[in-house]
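Chemist: pasted the sequence and its predicted model underneath.
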Amino acid sequence: MMSITHAAIAVAATTISLGTFSPKTIGIAIISSQLPDIDTTSSMIGRMLFPISSQIEKMYPHRTITHSLIAVAVVAIASLLLVQYQILSVREWLAIPIGYGVSIFSDCFTRQGVQLLWPLPVWCVFGSNPNRRLITGGVGEYWVLSIAMLVVMGAWKVLDAGGTRPVVSQFIGMNQEMISYIGELVSEREVYVNFTGRNKETLERVSIEGLVIDFKDNNLVLHNPSDLTVIFAKDYEIDSLRISRRGNPWRRYQTEVTLINERLNVVSSPPKTFAVGEVEIEGVETNLNYVLLSKINGSFVNGTLKILAYELN
């Protein structure tokens, strides 16, 4: 098969099996998918590493030792050193045997096949009719390449939406399941959602987008960065709900502060820090519903505040 076909199949297999579209992980899978063809100087990797490939080519026929299960095991075990020295994470390392393995497996569909069980002189070929097997650079291979690219684009779309769980939930209209998933996700990173529906009191049709800042009692609390308003999803009959954007990873901090007619004096806090609670501010009873802390900092407060702070990693 062509180098680009091996690369596309490896990317498709890696994104589906590992559930990631990390550029580093994808790059590792692509490089790994080229390694089996180091046994011939006519391949791309063979030309790049000519001194090595020329020696292997003299000693072993094409698609034998480097296209075997033994080769997959050797490469996987040897590359574990990269995990031990913390050069790669375990997930990134897994892209190596996946990329290498699917590359030699896909060559089993070509006319020549591969010696998958080397050193046994047995050629593994899929397809009883030789005329139906793939020819390198032939029309059949371009069909395989096209399908692999479609799978890659589909996997990217699913992963960008947060994975199969939110995609399926959105497709079949399971809004409550979608809300639960978003509630789990918001503890790890910024999540912007968009929903359409109707206000339960005014019956007004709405389309709302905002940053999810809390998940309580199966209810999403959204913050609109443009006008600093707070939206409670429970106040709406939601027709459709989707994740519009996933932002940066963050850490969430929560604490309670009790003040007795004291000035609230927070010296430093992340920009996304909110106050919740029924308190007196400057002698006036006030119900704080996720108000930015910066708006009340410096005021005299009487009561207990719950402080939620989100710090970007």
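Modeler: Received, thanks.
Chemist: low-confidence bits of the chain, can you list those?
Modeler: For the chain, the stretches with pLDDT under 70 are 129, 158-176.
Chemist: mind listing the strands for it?
Modeler: 189-199, 205-216, 219-224, 229-232, 236-263, 272-281, 284-292, 300-312 (DSSP state E).
Chemist: in the first one, which residues are buried?
Modeler: Along strand 189-199, these residues count as buried under the neighbour rule (16 or more other Cβ atoms under 10 Å): E190, V191, Y192, V193, F195, G197. Where you see a C-beta, it was placed from the backbone N, CA and C, and this is true even at glycine.
Chemist: who touches E141 in this structure?
Modeler: Taking Cβ atoms under 8 Å, 6 or more residues apart in numbering, we find E141 in contact with M1, M2, T5, L134, I135.
Chemist: relative to strand 236-263, how tilted is the helix ranked longest in the chain?
Modeler: Longest helix in the chain, counting residues (DSSP state H): helix 139-160. Orientation of helix 139-160 against strand 236-263 (axes from the mean of the first three to the mean of the last three Cα atoms, to 10 degrees) gives an angle of 40 degrees.
Chemist: so for stretch 247-266, what gets flagged as buried?
Modeler: Buried, per 16+ other Cβ under 10 Å, within stretch 247-266: W250, V257, L259, L264.
Chemist: no, scratch that, I was asking about stretch 56-66
Modeler: Going by 16+ other Cβ under 10 Å, stretch 56-66 has these buried residues: I56, E57, Y60, H62, R63, T64, I65, T66.
Chemist: try stretch 180-191
Modeler: For stretch 180-191, by 16+ other Cβ under 10 Å, it's S180, Y181, I182, G183, L185, V186, E190, V191.
Chemist: picking that back up, would CSV of the buried residues of stretch 247-266 with distance to S294 be doable?
Modeler: Output for the buried residues of stretch 247-266, formatted as CSV (distance: Cβ to Cβ, whole Å):
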residue, distance to S294
W250, 18
V257, 15
L259, 17
L264, 11
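Chemist: among those, which pair sits farthest apart?
Modeler: W250 and L259 (26.7 Å; Cβ to Cβ).
Chemist: quick one on the thing from earlier: can you list the buried residues of strand 189-199 in a markdown table and add distance to E311?
Modeler: Formatted as a markdown table, the buried residues of strand 189-199 follow (distance: Cβ to Cβ, whole Å):
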| residue | distance to E311 |
| --- | --- |
| E190 | 11 |
| V191 | 16 |
| Y192 | 18 |
| V193 | 21 |
| F195 | 27 |
| G197 | 32 |
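Chemist: ok, so of those, who is nearest F109?
Modeler: V191 (41.4 Å).
Chemist: excluding its backbone neighbours, what's nearest the closest one?
Modeler: Excluding its sequence neighbours, the residue lying closest to V191 (Cβ to Cβ, 6 or more residues apart in numbering) is V212, at 4.7 Å.
Chemist: run through the bridge partners of that neighbour.
Modeler: On the basis of DSSP bridges, V212 is bridged to L222.
Chemist: so it is in contact with N219, correct?
Modeler: No: with contact defined as Cβ atoms under 8 Å, V212 does not reach N219; the gap is 10.6 Å.
Chemist: neighbour count winner among these two?
Modeler: V212 (21 against 13; other Cβ atoms under 10 Å).
Chemist: show me the contacts for the more buried one.
Modeler: Applying Cβ under 8 Å, 6+ apart to V212 gives the contacts I182, G183, V186, V191, Y192, V193, L220, V221, L222, H223.
Chemist: repeat that with 7 Å
Modeler: Residues in contact with V212, defined by Cβ atoms under 7 Å, 6 or more residues apart in numbering, are I182, V186, V191, V193, L220, V221, L222.
Chemist: count of neighbours near the fifth one?
Modeler: This means L220. 25.
Chemist: so what's it up against?
Modeler: I179, I182, G183, V212, A233.
Chemist: can you pull out the helices in the stretch 51-200 of the chain?
Modeler: 69-78, 80-84, 90-106, 139-160, 164-171, 175-185 (DSSP state H, counting those that start in this stretch).
Chemist: need the contact partners of the shortest one.
Modeler: What that stands for is helix 80-84. L88, V90, W93.
Chemist: nearest spatial neighbour of the second one, chain-adjacent residues omitted?
Modeler: Leaving aside its sequence neighbours, V90 sits nearest to V83 (Cβ to Cβ, 6+ apart; 6.0 Å).
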